[in-house]
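Enquirer: I would like to see how this sequence folds:
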Amino acid sequence: MAKPVLMDFYADWCGPCRMQTPIVEALQKDFGEKVEFKKINVDKEGDLAMEKGIFVVPTLILEKGGVELNKWMGVTSKEELARALNDSLK
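Expert: I've put the predicted structure just below:
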């Protein structure tokens, strides 16, 4: 069964991204091996950011089996993300 992937699109110069980082890191501890976490710097991975339609950072995308389940733009709460991650594991 495909493992959910949470992609965190960020930039080093982005203030809200620095607020999002500890939230994603906490989720990584909570979900461990059940969810794959990818941190993607839009300045270094511009092609991937364009392919995924990233125009705002931070943007988080939750995929499973290559299918986008959720997309959040701007700082998103741990509770909201945890709920979506739990749903993706069902």
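
Enquirer: contact partners of the longest helix seen in the chain?
Expert: Using DSSP state H, we find that the single longest helix of the chain is helix 15-31. With contact meaning Cβ atoms under 8 Å, 6 or more residues apart in numbering, helix 15-31 is reached by 6, 8, 10-11, 35, 37, 39, 57-58, 60, 74-78, 81-82, 85. For glycine as for every other residue, the C-beta is placed from the backbone atoms N, C-alpha and C.

Enquirer: all the helices of this protein, in order from the start?
Expert: 15-31, 46-51, 78-88.

Enquirer: tell me which of the ones you listed lies nearest to Met1.
Expert: Nearest of the helices of the chain to Met1, taken as Cβ to Cβ: helix 78-88 at 11.0 Å.

Enquirer: still on that earlier bit, and the contacts of helix 15-31, which are buried?
Expert: Neighbour-count burial (16 or more other Cβ atoms under 10 Å) applied to the contacts of helix 15-31 gives Leu6, Asp8, Tyr10, Ala11, Val35, Phe37, Val57, Pro58, Leu60, Thr76, Leu81, Leu85.

Enquirer: reformat those as CSV; add distance to Met50 and pLDDT.
Expert: Formatted as CSV, the buried ones among the contacts of helix 15-31 follow (distance: Cβ to Cβ, whole Å; pLDDT from 0 to 100):
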residue, distance to Met50, pLDDT
Leu6, 20, 98
Asp8, 17, 98
Tyr10, 15, 98
Ala11, 14, 98
Val35, 25, 98
Phe37, 21, 98
Val57, 13, 98
Pro58, 16, 98
Leu60, 17, 98
Thr76, 22, 98
Leu81, 24, 98
Leu85, 26, 98
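
Enquirer: nearest residue to Val42 other than its sequence neighbours?
Expert: Excluding the flanking residues, the one nearest Val42 by Cβ to Cβ, 6 or more residues apart in numbering is Ala49, at 4.3 Å.
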